[in-house]
Every structure is written in structure tokens, then in C-alpha cells.
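**Q** fold the following, please.
(chains A and B)
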Amino acid sequence: MTDRTTQPDDTSGLPLDGIRVLDLGMFWAGPFAGKWLADGGAQVIKIESGSHPDNLRILARGVYPNGEPGERSWNRSGMINERNRNKLGITIEMGTTEGREIFRRLVAISDVVIENFSNRVMKKWELDYDHLSKINPEIILASVYSQGSTGPESGYVSFGGTLEQLAGITYITGYANEMPGVLTVQLPDPAGGAMATGLILSALRQRRLTGKGLHIDLSQRENVVGLLGAQVLDFGMNERITERIGNRDPHMAPHGCYRCSGEDAWVTLAISSDDEWAALAHLIGQESLIHDDRFATVGARHRNHDELDSIISDWTKDRGKIDTMHQLQDAGIAAGAVYTAADLYADPHLEARSFWEATDEPDAGPHRFPGRPGQLSKTPLGTRLPTPTLGQHNEYVFRELLGMTDDEYTALETSGLITTEPTEAAQKGRL
Amino acid sequence: MSGPLDGLTIVEGGHGIPAAYCTQIMGVLGANVIKIEPPEGDETRRLGPFPNDAPDRESSALFLYLNRNKRSVTLDLDTPSGQDLFRSIVKRADAVVENFAPGYCDQRNISYAALSDEHDSLVMSSITPFGQNGPYRDWHATEMTLFAIGGLMNIVGDINREPLKFGGSPALHVAGINSFTATMLAMHLAETAGIGQHVDVSVLEGLGASHFQDLVDYEYHRTVIRRGDMRTPIPTSDGFISFQVQAHVYNDFRRLILGPDAADDDRDAASAIQAQQSGEMDLEILTWSLEKTKLEAYRLGQEAHVPAAYLADMSDIMASPQLQAREFFVEIEHPKAGTLTYPGFPAKLTGSDCRFEPAPLLGQHTHEVISEFTDLSAAEIGELQAAGVL
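**A** Residues are numbered from 1 along each chain as shown, chains lettered A, B, ... in the order given. As a prediction, the model looks like this:
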């Protein structure tokens, strides 16, 4: 048991206090799972290296404070800092035998390893589940694979945007009767990261019951197909391929997105009953349409949806999107303005719910980042630590946790096995 | 063991997708899930699609998928005896997962405070569009309106036209995954320390925490990212593909398209990729892609280590060699809907198996569960059934 006073973080009382996680995750899905566990109170050690820092430290897409890469740009990337809070950060050159030996020593004192490499990497390093379980039979290895550990495409690499296509979301998203576009939301990443987290927590339970660790072989592609269960069943039931229908809905009408006043300003609304239709007609000053044959039933509203859209647009086009959302909601109608990032940050509801969390990064300064989907009444989750700078906790982890002597630690630094700076090649983006 | 959640009893209440998808996941992993439905049934029983488009409350595709492995109990929670029975069942359960409207449980004395009174380790997850408090608490919402307020719709579609929702209801399903995760986090503490608690899951906040770039872009330098021009996928002989070229594979990508002898591009990585995205190699890419099928082009790209994808419709997904090799799809026989192909489970866990039992008929297990969880006699249960409580 390490003396708490030397720990960089206090997790006492949190659900996962005492659980140690080695987070080899890169980009998003893997680190997202690590973040969830870190929020929950686990000691999550993010492992990078000088030659392979988390890609988002380098491929920052220009997202730096005030747009300035500045000194130590790798610690200033917005996307790295948004998704690695509450973790400790270390570096180990995993490509070397010596580096992997240090990693194995960490595996011996840890509960969970998370990785989202292509499925060749851990095998090549002899760090796949068979090897890890020999070091620590209780270890849980969570592999957030693109497409699982088996099958002809298991070695393929992917990103959220490619998985959206491979799993069917892109095909069913788009304007009716037109080509779909490549999506940039990358929802498969947070969805895969959240699923991995739930599975790790389930695996911890299995381990409590059996005393044995296990391997989680997660396919992100399958996870996304799992979001489309009704569409899968429809194919079998009716040989029907779901097509693009814009913003329409098979069960609700009207159901759409309407232009408001202002630059690129829109509001969505969804009517799911005749009563709500009457409320909408009343609100937009069109009471005479409530019982009009063209719109009186949901079937009629579906048939005359184009006409309905132009009536609604006539009402929304001179109104602000936020005001319109409030007016519709006050009338009991499901509505939502199409928020930009600026709107989200300014939203009073999220503010009242304390959704945003303040961090203060050593090299990037204070910022507010999103919280999380769930709040726990007795063990509130928050931001205890900002995202670590590259190798920030090398000393704590190697000296305190692994008990290295001064000489051993200095030798690691000298040999380049650990560092706080990416290599020159890595800084140029040739990872 | 059959699944990691063996021995956990979860009571599910409410309507719709998020709570049901959360407990569906838990059921596949071995939990004993009891679904409390109102006498007329969960609203997803009325939503299709249905076999041959013939509506039937026992064969809605959405319901069948979301409610695998569960037992269905019908209870009228507007009656005091229905509420009593709910409390009795929860007394012998480990967790409640519900997505009733905020306030619904308080009015019926089945709130977390009421249920946990004699059950310290109870976990109760309440899943709502906007959370249990705050000015929008009682607002109505759908997949689309939440996708809009969540800030994701803003980046889908063409900048000159209306933004688009995703097809289907993926955001509400992701809310179910988030709920599974949040519930398991609380369960961990409940099972290891005996401390139960109330989990407040907001669908909106789940979406707010799922942005790749635009939130940090705004927070860091006040840039508002919007959707751009629609970038359509690249045509092949039989469909469409796309590439997501990163710096470290840029030269691999050049050799894939231009041939093995193509020289390395010595510009810095970022500007080279920008040039490629702005169309520098479009003609060469088309020449290459049009003489290949989408699967061939996808495989060739991936074999060259370039992240490639093909635009898959549902028939492509069902026929995917990868998904078939993983035996992802499962056949489940249901007494009313027949034998159908379902998505299986996206993960395999060493040492345990997934479970796939059909969704329940409405109220199929009312008698069985009430007998198991309460001390009522068969005659008393019969009286409640006659009175319409069950």
C-alpha cells in the first residue's frame, strides 16, 4: 500500500478507489474509457512514449489556446486535454524490450489494461491476454478493437468516421433520395468507450466472483450495428433496407428542422400526437388547420408533410432559434434549437446542472470541459486533476509505485526509455 | 459462470429506448431483468417496424430487440396496490433502472428516497432527456431534438441546407450504453461497500460529452465549427468507399493510388493531407476506384494500412464476411414474431457467455414474478388481476 501523502490524487470514497488501470489508449475510444474510470475514482495511468505520444497531442488540428502551439505544444492540444482528465501520465518506450519489461512490472500491480491499438500490436509486443495473464492472473485486458480480435478484417484500422460507414449509420443519414455524405461526428468512439467502461466494470464483478481476470474482446463496429437493432430486424422481417429520409420520422409528423432568423439558425420540432398538433397549430396562429383534412391525423400530416413544412417555416423564419425552442416547449411540444458549441457553453440548463468542469492545465491554462452523462448522488464525480502533461507522473509511478532507486530512475531518463518530450520525428507528425 | 452479471436482479420501469437498452445489455451479460410495463404495454410495442408491416404489440422489431432476456410484469402504478407491489419487488432486487418523467416516481412513492429507505445498497438509475433538475427538467424530447440541443446535429449535413439528424435512433441507444456504464459504476460501490445511491443520467449531457473537436475548438479560441459542404464518398464499380488518411500513412496512400513506385511526398504531413482533402489527387483516386468493387477497394486500402471504409447498407452489413466470421448475428425464436436475425453482442468476454432469450409477451411473467418476489398467495394474485392492477 502506497502512502497516500505521496499520491498525486485523492480518490478516497469514490466507487473505484483502489483500482489501478493502465491506459494505453490513443485518440478517443480507449482514452474515453480511461476517463470514465478515472472519473469514478480509479488510478488511471495513461501510458505514452516519446516516439508515440497520444496522436492527438501532435495531430491537434490547430486547437491550441488562442490558436498558438506555443512551447510544449504537445501539452496544449485541446483534444488531448478534454479527454484525459483525472489520469496520471507516464512515458515508456513500448517498442523496446526494456520498456516492455517495465510495463510488465506495472501489470503485476494493476487491475485493468485498456488498449485500442490495431489487433497486431499487443501480439507483436507479447502483451496479449495470454502473456498478461501469466504475469497477473487477475488482470483484465480491455481491447477496444476496431472489429474484434478475430475474422478477416480484424487487423484493419479505423476511426469514428470509417466505422459510421461500416456499421450502417452513414447510409441511413442524409437528405431523402440523395447521396449520403461522409460524417464527422465520430459517435462510434464515445459509444465504444462507454461500452468498454461498462464491460470493464462487469469484468471486475466477474473477477470478484471467479478470482480470475479476463479479456474483453470488443468490436467497435459491432457496437455501432447494435445501435440499429430495429433496422437489422426490419431487414429480416420485411427484406427492407432502411433508406435516408432526412429529418422525417415514421411515427411522428410534423417532424423536422426549420430555419430561424440569424446565420445558419435552426430549430427542430417533433409532433407525436393530435393534441400536440393542435397545440402547434394554435401557437403558430393556424387554428383553422387543426381539423383540416390535410393535417387532422398523423397519416394525413405525413402525406402533406411538404406543405406543413412550408407553413411551419413561414412562422419560424423571422424568429430566433432559442426563443422559438422555449415557446414550443412552453406549449408542450418537443423542440430543440440546433446548438453550436457556443450555444452549448451558454446554455442555462447545463449551467444550472453544473455540467461544465473547470481544469487548469500546466501548459494550457484554465478551461471548462464537458462533464459526464451520469451524476452519482452520494459520490459526486468531478475533475480532480487536469490531463497530465507528457510524462508528468514518471517520477511518482516509477519511483513510488515500482520502487526504483535514484540510479535506476536516472538510467531510464538517460537511456531515453522515459521522457517528457516527444521525439523530433513524432513532433513532425511521422508517428 | 454464464455471464458477469449473474445473480444481479434489475427492475426496469418506464418507456422507450434508453432504459430498455441499458437493461438489455445487462440481461445479455447475465442479469435477471424484470420489466415493469403498464397494462397497455411499453410504447415501443406500438412502434414498428412489424413483420409484413402488420402492427402487433408482440412483434415490434424495436421492442423485440430492446427487451431480450427480460421478464415482463404488468403493473398499474397509478394504483396504491400497484405501487406496493413495485416496492416489494424492488426490496429483493439490486437495482432499478427507469426512465419515467421526472417527478413521476415521487408522486407514486417509488422514488429513490422511498425505495432505499429499507434497502441501503439499492442503486437507482433515473434516465431522462435533461436530468432530474434544472430549468429544462420537464421539457419534452425526441432523438432529433436532443441531437440538436446536444450540438451534434449542427455538424451533420450540408452547410447551405438544414442540418440532419442521424438515421434511426442511435443517440438514444448510446444513452442506454451510458446508463449501463453509470449504473455499473454505482453497482461496484454497492456490491463492494454496501453503499447504494441514486444515479441521475441525462441523455443531453451524454451527447454534450461526446464531441470530438468543436467544443474544445470553441473553448480554446472561440471558433464555431459548423458542418461543411457534404463530402460524398468515392464511387467504385458497385458502391462507395472513403479513406481517412492520417499523416503516418500518407505515403502508403500515395503508393496505393499512384502505384508502388510513387515517390514519397516530402511536404510536411499536415499540408500534404490538406492538399489531398482539397482534391489534389481526385482524378487518380477515381481512376483507381472505379475499376474495383467497394469490398476490393476497402481491402486493398486496409492492406496498405490506410483506414478505408465502404458505405454499408443493411444488406451489406448482414452479408459482411467479418461480422459473419465473428458470428455476430444470432437467431432468436419468439412465440409470436417467429425466428428472426438479431444483432448479437459486440464483445466476447473470457470465461463467460452471452445469453439471448426472446423478449417477453406483455405480462407473460406477472404471476411468476409476483409469486417469487412477494408473499402473496395465488388467490390474492388472482384478485389483483381481476381488479386490473396486474
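
**Q** what ranges does the stretch 1-150 of chain A have for its strands?
**A** A:20-23, A:43-48, A:87-91, A:112-115, A:140-145 (DSSP state E, counting those that start in this stretch).

**Q** strands of the stretch 51-200 of chain B, start to end?
**A** B:70-74, B:95-98, B:123-128, B:198-202.

**Q** and the longest one, how far from the chain's centre?
**A** In other words, strand B:123-128. 16 Å (C-alpha atoms, centre = their mean, to the nearest Å).

**Q** given that strand, what are its sheet partners and their directions?
**A** In the sheet, strand B:123-128 lines up against strand B:95-98 (parallel), strand B:198-202 (parallel) (DSSP bridges).

**Q** got the CA coordinates for the next helix or strand after the longest one in CSV?
**A** Toward the C-terminal end, the helix or strand that comes next after strand B:198-202 (DSSP states H and E) is helix B:203-208. This file holds the C-alpha atoms of helix B:203-208, laid out as CSV (Å, rounded to 0.1, in the frame of the first residue of the first chain):
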residue,chain,number,x,y,z
VAL,B,203,-29.3,12.0,-22.4
LEU,B,204,-28.4,15.6,-23.3
GLU,B,205,-25.3,15.5,-21.1
GLY,B,206,-24.2,12.2,-22.7
LEU,B,207,-24.3,13.9,-26.0
GLY,B,208,-22.6,17.0,-24.7
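
**Q** who are the packing partners of the helix or strand just after helix B:203-208?
**A** Per DSSP H and E, the first helix or strand lying C-terminal to helix B:203-208 is helix B:214-221. Contact here means 3 or more C-beta pairs under 8 Å, 6 or more residues apart in numbering or on different chains; DSSP states H and E; on that basis helix B:214-221 packs against helix A:78-82, helix A:341-346, strand A:365-369. Heads up, the C-betas are built off the backbone N, CA and C, glycines and all.

**Q** so what's the residue in the stretch 151-300 of chain A positioned nearest to chain B scoring on pLDDT?
**A** Shortest the stretch 151-300 of chain A-to-chain B distance, computed as C-beta to the nearest C-beta: residue-wise this is A:Ile172, at 2.9 Å. pLDDT, A:Ile172: 98.

**Q** list the contacts of it.
**A** When contacts are counted by C-beta atoms under 8 Å, 6 or more residues apart in numbering or on different chains, A:Ile172 touches A:180, A:228, A:231, A:242-244, B:166-168, B:313.

**Q** any idea which helix or strand carries it?
**A** Applying DSSP H and E, one finds A:Ile172 in no helix or strand.

**Q** contact partners for the closest residue to it other than its chain neighbours?
**A** Residue nearest to A:Ile172 in three dimensions, not counting chain neighbours: B:Gly167, with 2.9 Å by C-beta to C-beta, 6 or more residues apart in numbering or on different chains. B:Gly167 makes contact with A:169, A:171-174, A:242, A:244-245, according to C-beta under 8 Å, 6+ apart.

**Q** how about A:Lys124?
**A** Neighbouring residues of A:Lys124 by C-beta under 8 Å, 6+ apart: there are none.

**Q** distance of it relative to A:Gly95?
**A** Distance of A:Lys124 to A:Gly95, given as C-beta to C-beta, to the nearest Å: 9 Å.

**Q** where does chain B dip in pLDDT?
**A** The model of chain B has pLDDT under 70 over residues B:1, B:269.

**Q** remind me, longest helix of it?
**A** In chain B, with assignment by DSSP state H, the single longest helix is helix B:170-193.

**Q** point out the residues in the stretch 251-390 of chain B that sit beside chain A.
**A** Proximity of the stretch 251-390 of chain B to chain A, by C-beta under 8 Å from any C-beta of the partner chain, involves residues B:268-270, B:302, B:305, B:307-318, B:321-323, B:325-326, B:328-329, B:337, B:340-352.

**Q** okay, and which of the residues you listed map to strands?
**A** Assigned to strands by DSSP state E, the following of these qualify: B:308-310, B:329, B:340-343, B:347-349.
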